[in-house]
Structures are given as structure tokens and as C-alpha cells.
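In: Sequence first, then the predicted structure, then my questions.
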Amino acid sequence: MASELVEHYGVDGVEDTRLSRSPHGRLEFLRTRELIRRLLPVDRARILDIGGGTGVHAAWLAADGPAVHVVDLVPRHVDAAAAREGVTAEVGDARQLSASAESVDVALLLGPLYHLVEPADRGRALAEARRVLRPGGQLVVAAISRYMSLLEVGTEGRLTAEMEPSVASVIATGRYDGHAGFVDAHFHTADELHAEMTDAGLRDVAVFGVEGPAWPALDSAGLQEFEARVEAALRCARMVEKDPLMINTSAHLLGVGRK
């Protein structure tokens, strides 16, 4: 899996523009930043951004004041992250971090969990993130919703009879086979993410829907309509961010827990 990810992410800079090239990517960025700023004590904190890519989130976190260190599998990502002001970076694996125990105030796992298709690997990554947290420190974990593929290909008119079994399978099992693009991955439900974080020993776990149910409509409208529609989409996401009947309609989920 590690070599596959380095190949996928390390060739054309795809990760550097992921949160800006589509309407739902821009919405994901705005909501992730909003939730982190709302939920975490970022002032004077030391943050470890595990799987932090090219440092898109690390950049604004560092600008807010904390010391931010990125760990990522892809050397190209590490170079890009380290070039950002206030950010340091190293090549590393979420399942075996070099950081000392109880050395950071906040750990972010905004990318690794959905790339770890085996439950044991996800458990190791969560355990490592918990290990490096100081007592009372907080962990933020991102996951992809099991319903993202259904909503994406259905809204875009790409849900064919041939694709239906793959879409149904990811809803039933969480195992995503790349049928709509992207690499093999694991997609979560909100309850599953909550359970995995709790099983890893985290306390006070809460899971939020990131983009809310309006993100497919934003994509259908296109970038030219983004500014006119984004405020309504943000309000929509906030209204149902913890609604058990709506949370899984978000493309991404954000779990927060405390050591």
C-alpha cells in the first residue's frame, strides 16, 4: 500500500490542488478548517499533522500560531510542506511514528485512515496518534463516507448498471475498489469511525459531517457558481453536522477525541 500511495500522489502534484480544484473540495477545506478552529485549542499548541500531504492545512494552522510538524509517506509532499512558513516535515508512516510519547498537544490524521484498508492497520495508526499525545491532548481524524461514491456518481449521471454492484459493496462493507477514480480505500460510517476511535482508547469522541448534504449540488453547478452557493451549503452542513439521519451524506467525516 505504501508504494502504491507514493506512486499515486508523488507524480503530478494531485494532492496540492485537491482542496481547490472542485467545489466540494473547496467546501471540504472551509468546513475542516472551521471545525478544527472551533474544536481545538490551537493557541500555543504543538501539532503533529500525520499524513499532512503538501501542508495545505498545516499552512493555516501555523499562521494561527502553533508549531506544526508534518509526517507523510510521499517525499514530494514532505518537500512541499517543509517549504511552507512555520511548518517542518519528515517522511514517515502513520503506523510507526518517530515522535516521542506524550510530545504533542494535537494530532491530526486527516488522510491516512481511509488509505488503511485493514482494520488492524487503522488501529495501529490510531494507537500511534494516541501514544504521541500528551494527557488531555486531542486527536482529529478524517474519514470518507461510505455514501460518497453513491452520491457522486448518481448526481453526475455516471451510476450505470455495471457500476451498481461496486457502489452497493462499498456501502455494505466499506471497501472501495476504485470504481469512481482514486485508489483502493476504506470508507466509513459515522458510527464505525466513532467505534474505532473509542476502541483506540480515546475519550469524549464526537463525529461531525464535514460537507453536509449539499456538496453534490455544488459540484453539479460548477466552480463558476461556487461563491454564489457556498454560504448556503455551509449553513446546510452546520445544521446537520451531528444529525444521525444526515451525517453520512457528507463526503467526509471528522472525528475528534481526547487522550
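Out: That came in fine, so what should we check first?
In: what stretches of the protein score poorly on pLDDT?
Out: 1-16, 42-44 (pLDDT under 70).
In: all helices of it, in order?
Out: Ranges of helices in the chain, per DSSP state H, are 2-9, 23-39, 56-64, 75-82, 112-115, 119-132, 148-155, 164-173, 190-199, 215-221, 226-239.
In: in the fourth one, what counts as buried?
Out: What it means is helix 75-82. Within helix 75-82, the residues scored as buried using 16 or more other C-beta atoms under 10 Å are 76-78, 80-82. Bear in mind the C-beta positions are built from the backbone N, C-alpha and C, glycine included.
In: Looking at those, which is nearest F182?
Out: Looking at the buried residues of helix 75-82 and their distance to F182, the nearest is H77, at 16.7 Å (C-beta to C-beta).
In: Tabulate the buried residues of helix 75-82 (TSV), appending distance to L126.
Out: Shown next, in TSV, are those (distance: C-beta to C-beta, whole Å):
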residue	distance to L126
R76	26
H77	21
V78	22
A80	26
A81	22
A82	26
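In: and the residues you listed, which two are the farthest apart?
Out: R76 and A82 (11.1 Å).
In: ok, now which ones touch the residue lying closest to V170 once chain neighbours are set aside?
Out: The spatially closest residue to V170, leaving aside those adjacent along the chain, is Y176, at 4.8 Å (C-beta to C-beta, 6 or more residues apart in numbering). Applying C-beta atoms under 8 Å, 6 or more residues apart in numbering to Y176 gives the contacts 144, 149, 170, 182, 184-187.
In: do L254 as well
Out: For L254, the contact set (C-beta under 8 Å, 6+ apart) comprises 32, 35, 140-143, 207-210.
In: If we ignore the residues flanking it in sequence, what's nearest it?
Out: Distance criterion C-beta to C-beta, 6+ apart; nearest residue to L254, sequence neighbours excluded, is F208 at 4.8 Å.
In: So the one you found is in contact with I36, correct?
Out: No - judged on C-beta atoms under 8 Å, F208 makes no contact with I36 at a distance of 10.5 Å.
In: Can you give me the neighbour number for the nearest residue to V240 once chain neighbours are set aside?
Out: If the residues on either side of it in the chain are set aside, V240 comes closest to M246, at 3.9 Å by C-beta to C-beta, 6+ apart. Applying other C-beta atoms under 10 Å, we find 17 residues neighbouring M246.
In: And the one 10 residues further on, by the same measure?
Out: If you count neighbours by other C-beta under 10 Å, V256 ends up with 21.
In: Quick one: residues contacting the closest residue to G92 other than its chain neighbours.
Out: Spatially, and ignoring its direct neighbours in sequence, G92 is nearest to V71 (4.0 Å; C-beta to C-beta, 6+ apart). By C-beta under 8 Å, 6+ apart, V71 lies in contact with 48-52, 89-92, 94, 97-99.
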